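Visitor: Could you work out the structure for the sequence below:
(2 chains)
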Number of protein chains: 2
Amino acid sequence: MGRRRFVTAAALSAAGLAAGGAGPARAAEAPEVTWRLTSSFPKSLDLLYGGAELFARQVGDITGGRFRIDVFPPGDIVPGLQALDAVQAGTVDACQTQLDYAYGKDPAFAIPTAFPFGMNAREQAAYALDGGGNDLTNALLADYGAIGYPAGNTGAQMGGFFRREIKTAGDLAGLRIRAGGLAGRVLQKLGAVPEQTARSEIVAALQGGTLDGVTWVGPYDDAKIDDTGKLQKAAPFYYYPGWWRGGSMIHVAFNKARHDALPEAFRAALRTAALSTHLQVQASYDAANPAALKRLVIAGAELRAFPQDLLEAAFKAAGDVYREISDVNPRFKSMLDAAMAFRADQYLWWQVSEYTFDNFMIRQRARG
Amino acid sequence: MGRRRFVTAAALSAAGLAAGGAGPARAAEAPEVTWRLTSSFPKSLDLLYGGAELFARQVGDITGGRFRIDVFPPGDIVPGLQALDAVQAGTVDACQTQLDYAYGKDPAFAIPTAFPFGMNAREQAAYALDGGGNDLTNALLADYGAIGYPAGNTGAQMGGFFRREIKTAGDLAGLRIRAGGLAGRVLQKLGAVPEQTARSEIVAALQGGTLDGVTWVGPYDDAKIDDTGKLQKAAPFYYYPGWWRGGSMIHVAFNKARHDALPEAFRAALRTAALSTHLQVQASYDAANPAALKRLVIAGAELRAFPQDLLEAAFKAAGDVYREISDVNPRFKSMLDAAMAFRADQYLWWQVSEYTFDNFMIRQRARG
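Guide: Have a look, this model is predicted:
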């Protein structure tokens, strides 16, 4: 797989170099371009929104300021959930989003972002860049007039805050849990009721008992749901792992017609800046989460692992959901099957060296 | 930490944008630059050498061909182990290397590449980009007239091939093992004899009994030591985890005076292309290792985990080595202490969500 990627890039580059030599002439021909990028993420989620700003800055910096991308928060141009629609319609040139916000259009949009019991963040990147994943994503995006690249990952997410302890899979019955997309469908099979609740209403809903649990992101972003301690008081049990998101990939996506009309150097700038941003956003989450986890625990969050029987029931339920969707949606089936095959091989290797290294380090740390 | 990074970048970018507007004029002023980059890795290690080529292509592509970097394999200009020397001397403008090849100049060069019982690859990236690690690396590199960035990672390495089974830490006594730097010193404390053996001589040395074990990289590169099956026949026991390298970071480094003399856009291109390359090289290793591991096992390699008592003895020995070097080398001590503090927090968080997610996935996979 690695060879294919490099060979493709080499072929592209050979073409580029063949056209070289007349550097200054081409430079003078390079246009001034200004694009508008709408983010799906509010400024308060600063690592995500900061990723959009970083991406735009890098594109500006590496093009000597000739390709400028102005970043807008959700609501300035379109609401956060309509970012991809706005790219398709040409209202904006680009967006930064979770592609699974388009789950309602096609559940296949969940695959490149995250699917229950999918891959961890590093495996997701390997799949996207060297396992054919990003090509499949772009085949899907092409139907919406778009093209995109990975541009960040939150890492494995937490299972969220719950009002009561969950001791067995059966305890999910009747619980109203803020969760969407594929995770919501799996939770439904386990007897829970998935809810859509705006962030500003989460604490009141948990306090009032109209919501029993809330899934959000990971410690750094979860700590921002409420910084007054009310969240942990209303829903003290903080669960892991967030089995529906072993990693959650962020993308930048562009209006394909406008992307394809760009000079080759600008298209290369978009791709290179996206992947550089991906690494930086993941690093920022990894660096920020440990301290945030400590703060949450000090503020009253009680860490709990999901019970083993719940994980197994959820794994089985996820398989049922996948079969149901695959039966009626060939694209979902083909994208899921490819990702699943890659996943199996990844965990074969992961269990050998990566996992045993982490296992030993975690045990040594626990001993002090 | 995340905020600091973004704020710094924002400040830089604001300056860049303030100078904007006169795009075509500046573009016309942009020079044509050709640099020479020497790689420490032979072309046969195609994912590493391919990373140098990818880096150079990206820099060329995003600068519209104005900043060209020609890549040379070891031996064409200087031997692989002298890459950083050549950058310092100005013989070349840039190199792609493992910084710990300069371990002999200063053991502190091991910290940014890998140190026994250090961090996994994702944690290393988080430390470099958002934990101050790359700044400390560049403070060290400045003494050698260089500046650099992460540009790849092999992931957790394997423990290598051994002629005989190792059932306890005591079995290492007297074994001649190909290993260098900090790993070699730790192995020495455990009674083994670290050896430097060229790749072309490894199989014969194992066959002849002048070498008892060889550490190399991971499955994909290990499979290339010998493709005739002689390696597994001479040394069938294939150990994990490679506790001396939970990840092994690759860097690109530049002659600092020449780097600093570049136009701002070219400096940004170097950094952005380096980080994009980092993500791609790691993805390529992750994607390529599973199939390589299967091939090695089919060809006769017998997978074995290092015994727990060996890992614990090695952990203790590593601590002794770290104290010995720290007593006489303040820079090593300060760089190690900073990395160790970051590591402790990383594994606190890692054991919660990342690890439990991977744990469940590995167990489900093993069940079929």
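
Visitor: tell me the domain boundaries of chain A?
Guide: Residue ranges for each domain of chain A read A:33-155+A:247-287, A:160-245+A:300-333, as given by the TED database.

Visitor: Low-confidence regions, chain A specifically.
Guide: Regions of chain A meeting the criterion pLDDT under 70 cover residues A:1-29, A:368.

Visitor: longest helix of it?
Guide: Assignment by DSSP state H gives helix A:264-298 as the longest helix of chain A.

Visitor: List the buried residues for that helix?
Guide: Of the residues in helix A:264-298, those scored as buried under the neighbour-count criterion (16 or more other C-beta atoms under 10 Å in any protein chain shown) are A:264-293, A:296. Glycine gets a C-beta too; all of them are placed from N, C-alpha and C.

Visitor: angle of that helix against helix B:264-298?
Guide: Helix A:264-298 and helix B:264-298 meet at an angle of 70 degrees, taking axes from the mean of the first three to the mean of the last three C-alpha atoms, to 10 degrees as the criterion.

Visitor: and A:Ala253, that one's in a strand?
Guide: Yes - applying DSSP: H, G, I helix; E, B strand; the rest coil, one finds A:Ala253 inside a strand.

Visitor: For it, give me its contacts.
Guide: Contacts were defined as C-beta atoms under 8 Å, 6 or more residues apart in numbering or on different chains; by that measure A:Ala253 touches A:Ala83, A:Leu84, A:Val87, A:Ala94, A:Cys95, A:Thr97, A:Leu99, A:Leu141, A:Ala146, A:Ile147, A:Gly148.

Visitor: Take those and write them to a markdown table, including neighbour count.
Guide: Listed next are the contacts of A:Ala253 as a markdown table, based on neighbours: other C-beta atoms under 10 Å in any protein chain shown:
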| residue | neighbour count |
| --- | --- |
| A:Ala83 | 30 |
| A:Leu84 | 27 |
| A:Val87 | 30 |
| A:Ala94 | 29 |
| A:Cys95 | 33 |
| A:Thr97 | 30 |
| A:Leu99 | 28 |
| A:Leu141 | 24 |
| A:Ala146 | 24 |
| A:Ile147 | 24 |
| A:Gly148 | 27 |
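
Visitor: And the residues you listed, which two are furthest apart?
Guide: A:Ala83 and A:Ile147 (14.5 Å; C-beta to C-beta).

Visitor: Now do the contacts for A:Arg343.
Guide: Neighbour list for A:Arg343: A:Gly118, A:Met119, A:Glu123, A:Tyr127, B:Met361 [criterion: C-beta under 8 Å, 6+ apart].

Visitor: From A:Ala125, how far off is it?
Guide: Between A:Arg343 and A:Ala125 the distance, using C-beta to C-beta, to the nearest Å, works out to 13 Å.

Visitor: before we move on, what about A:Gly104?
Guide: As defined by C-beta to C-beta, A:Gly104 lies at a distance of 26 Å from A:Ala125.

Visitor: which one of these two has more residues nearby?
Guide: A side-by-side neighbour count of A:Gly104 and A:Ala125, using other C-beta atoms under 10 Å in any protein chain shown, places A:Ala125 first with 29 against 11.

Visitor: you'd agree that one is up against B:Ser284?
Guide: No - because the distance of 10.4 Å does not satisfy C-beta atoms under 8 Å, A:Ala125 is recorded as not touching B:Ser284.

Visitor: Can you classify A:Thr38 by secondary structure?
Guide: In terms of secondary structure, A:Thr38 is strand; the call rests on three-state DSSP.

Visitor: residues contacting it?
Guide: A:72-74, A:76-78, A:83, A:86-87, A:92, A:94-96.

Visitor: now A:Tyr239
Guide: A:Met158, A:Gly159, A:Gly160, A:Phe161, A:Phe162, A:Ile166, A:Arg304, A:Ala305, A:Phe306.

Visitor: please redo it, this time with the cut-off set to 6 Å
Guide: The neighbours of A:Tyr239, taking C-beta atoms under 6 Å, 6 or more residues apart in numbering or on different chains as the test, are A:Gly159, A:Arg304, A:Phe306.

Visitor: Would you point out which residue is most central in chain A?
Guide: Most central in chain A under C-alpha atoms, centre = their mean is A:Met249, positioned 2.4 Å from the mean C-alpha point.

Visitor: Quick check: phi and psi on it?
Guide: Phi and psi for A:Met249, reported as degrees, to the nearest 10, are phi -90, psi 140.

Visitor: hang on, it packs against A:Thr154?
Guide: No - no contact is recorded between A:Met249 and A:Thr154 when judged using C-beta atoms under 6 Å, the distance being 8.5 Å.

Visitor: and A:Pro194, what helix or strand is that in?
Guide: strand A:193-195 (DSSP states H and E).

Visitor: residues in contact with that strand?
Guide: With C-beta under 6 Å, 6+ apart as the test, strand A:193-195 has contacts from A:Arg176, A:Arg178, A:Ala179, A:Gly184, A:Leu187, A:Gln188.

Visitor: From A:Ala318, how far out is the fifth one?
Guide: A:Leu187 sits 10 Å away from A:Ala318, going by C-beta to C-beta.
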